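**Q** kindly return the folded structure for what I paste below:
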Amino acid sequence: MQTITKFQIKPVTTPVEQELFLDVPARVYANDPYWVPPIRSSEAKQFSPSNTFFEYGKAQQFIALSQSGEPIGRIVAAVNQRLIEKEGQNVGVFGFFECISDFDVAQALLQVACDWLREQGMTVVRGPIDFSTHNGCLFLVDGFDSPPMILMPYNPPYYPEFIERDGWYKGKDAYTYNFPLDKPLPEEFEKAYRIACKAGITFRPIRTKGEEFEADALKVYDLLVRMFTDNYSYSPQTPAEFLDKARSFQSLIDPDVFPIAEYNGEMVGMWMGLPDYNIALKHLGGKLDWFGTLKFLWYRRQIDQGRVIYICSLPEYRRKMVSLALIYLGMQGGIKKGKPYKRAELGHIYEDNSASRKLVEAAGGKIHKTYRIYEKAL
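**A** Here you go, the predicted structure:
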């Protein structure tokens with residue numbers, strides 16, 4: 001563990017400080033073989049006034065600087081009014097946390113975030129959550145021996161150690177599951193697909209072009225709102241927010257691993273899979289300029305695994321075997337001739353979501369990594 005005898009914590013108020021804030025991860029993970037640098041321009045955009053979060057929330061960035069002015073840590077405290085209205089309590093969040101291996105620095109960052117949230121009238125703080133759980137959340141607490149898949153967090157093992165030492169307690173754990181693709185599914189899944197078809201469920205890949213993509217994306221949005229409104233620390237997005245993020249992934253979608261289920265034209269379920277683009281992004285150094293784009297196109301050829309972000313179906317259609325049928329179709333798409341996928345990672349799934357966990361485990365999934373959100377009273 002490093003020890004910095006003198007440092008300062010200050011709010012980010014200038015463009016120079018903003019650049020230092022964005023520099024922190026590169027220092028923290030300088031020698032970590034598993035870290036995937038975030039795209040710097042995308043991360044900077046999240047703090048732009050144009051981010052729709054600031055229409056209903058507010059936030060303050062803080063940075064830790066060594067005596068020589070080097071960036072050694074950072075944190076963001078945020079008030080998400082939609083989360084407060086949904087939960088009926090003044091809960092604030094912290095996120096974008098990164099810190100060198102020095103407990104005093106980490107504790108000071110957590111303290112300044114809590115102080116700011118207390119000044120805003122918050123009585124509980126939760127994190128890590130980057131503004132909302134749609135954006136990014138969770139500390140990795142077990143499974144540090146492999147890189148993160150696309151859209152999953154990664155951090156050094158000392159982050160959960162530091163936050164627990166500072167008196168935080170577990171809010172909720174979540175798991176990801178490993179799915180090897182060289183083993184066939186139990187026959188019940190193919191049978192479920194046939195039952196669903198006979199019950200009038202139709203299946204098709206998501207559409208990825210023009211107005212058809214936008215229409216499907218809005219249907220996905222409606223399905224997710226209906227399915228996950230009661231999820232832990234969930235706060236609602238607007239259709240515009242969801243569409244903006246969906247468009248950023250439009251060209252990256254593999255329709256063969258994104259089947260959707262419909263009944264009389266209504267989307268009633270989906271398996272949302274994505275190739276693991278982290279395999280390519282790892283080589284870009286956080287820069288998606290013209291040269292970074294060329295490197296991305298080159299290294300994406302090495303992608304041999306995927307992440308399943310959601311498997312879901314509306315409760316009233318589960319008797320029609322929609323969830324099992326989607327698992328069957330998603331796995332069939334992954335092993336289709338010409339596909340590069342050797343394994344998939346599914347999740348995250350919260351620890352108390354027993355129905356989803358039983359379904360995934362019945363299909364052969366094994367817990368791969370464990371993540372956690374922490375809480376603390378203010």
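**Q** from now on I want contacts and neighbour counts done on CA atoms only, so please keep to that.
**A** Noted.
**Q** low pLDDT regions in the protein?
**A** Under the criterion of pLDDT under 70, the regions of the chain flagged as low confidence span 1-5.
**Q** show me what the lengthiest helix in it is packed against.
**A** The helix spanning the most residues in the chain, taking DSSP state H as the definition, is helix 210-228. Here helix 210-228 touches helix 239-249, strand 266-275, going by 3 or more C-alpha pairs under 8 Å, 6 or more residues apart in numbering; DSSP states H and E.
**Q** out of the ones you listed, which one sits most buried?
**A** Mean neighbour count, computed with mean count of other C-alpha atoms under 10 Å, is highest for strand 266-275 among the helices and strands packed on helix 210-228, reaching a mean of 24.
**Q** so what's residue 260 up against?
**A** Residue 260 makes contacts with 203, 204, 205, 206, 267, 268, 269, 270, 271, 326, as judged by C-alpha atoms under 8 Å, 6 or more residues apart in numbering.
**Q** could you check how far residue 247 is from residue 71?
**A** Using C-alpha to C-alpha, to the nearest Å, we find residue 247 at a distance of 33 Å from residue 71.
**Q** correction: residue 105
**A** Between residue 105 and residue 71 the distance, using C-alpha to C-alpha, works out to 11 Å.
**Q** circling back to that earlier point, now the helices and strands packed on helix 210-228 as CSV including distance to residue 350?
**A** As requested, the helices and strands packed on helix 210-228 are exported to CSV (distance: least, C-alpha to C-alpha, whole Å):
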stretch, distance to residue 350
helix 239-249, 22
strand 266-275, 17
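**Q** domain-wise, how is this protein divided?
**A** What automatic domain parsing lists as the domains of the chain is 7-137, 179-370.
**Q** contact partners of stretch 117-132?
**A** By C-alpha under 8 Å, 6+ apart, stretch 117-132 touches 53, 76-80, 89-97, 114, 135-139, 171, 234-235, 373-378.
**Q** ditto for stretch 51-67
**A** Contacts made with stretch 51-67 from outside it, assessed by C-alpha under 8 Å, 6+ apart, are listed as 4, 6-12, 17, 20-21, 45, 71-82, 105, 109, 112-113, 131, 241.
**Q** tell me the bridge partners for residue 129.
**A** The partner list for residue 129 in beta bridges (DSSP bridges) reads residue 137.
**Q** neighbours of it, how many?
**A** Around residue 129 there are 25 other residues, counting by other C-alpha atoms under 10 Å.
**Q** quick one: residue 94 is in a strand?
**A** Yes. In this structure, residue 94 lies within a strand as judged by DSSP: H, G, I helix; E, B strand; the rest coil.
**Q** what's the distance between the residue lying closest to it once chain neighbours are set aside and residue 228?
**A** Spatial nearest neighbour of residue 94, excluding adjacent residues (C-alpha to C-alpha, 6 or more residues apart in numbering): residue 77 at 4.5 Å. When distance is defined by C-alpha to C-alpha, residue 77 is 24 Å away from residue 228.
**Q** higher neighbour count, the two?
**A** When neighbours are counted by other C-alpha under 10 Å, residue 77 and residue 228 differ, and residue 77 comes out ahead with 31 against 13.
**Q** what about the more buried one, which SS state?
**A** When the structure is reduced to helix, strand and coil (three-state DSSP), residue 77 reads as strand.
**Q** contacting residues around it?
**A** Residue 77 sits next to 59, 60, 61, 92, 93, 94, 95, 113, 114, 116, 117 when contact means C-alpha under 8 Å, 6+ apart.
**Q** thinking again about what came up before, which parts of the longest helix of the chain are buried?
**A** Under the neighbour-count criterion of 16 or more other C-alpha atoms under 10 Å, helix 210-228 has 213, 214, 216, 217, 218, 219, 220, 221, 223, 224, 225 buried.
**Q** the first one against residue 207, yeah?
**A** Okay, so that is residue 213. Yes. At 5.1 Å, residue 213 counts as touching residue 207 under the criterion of C-alpha atoms under 8 Å.
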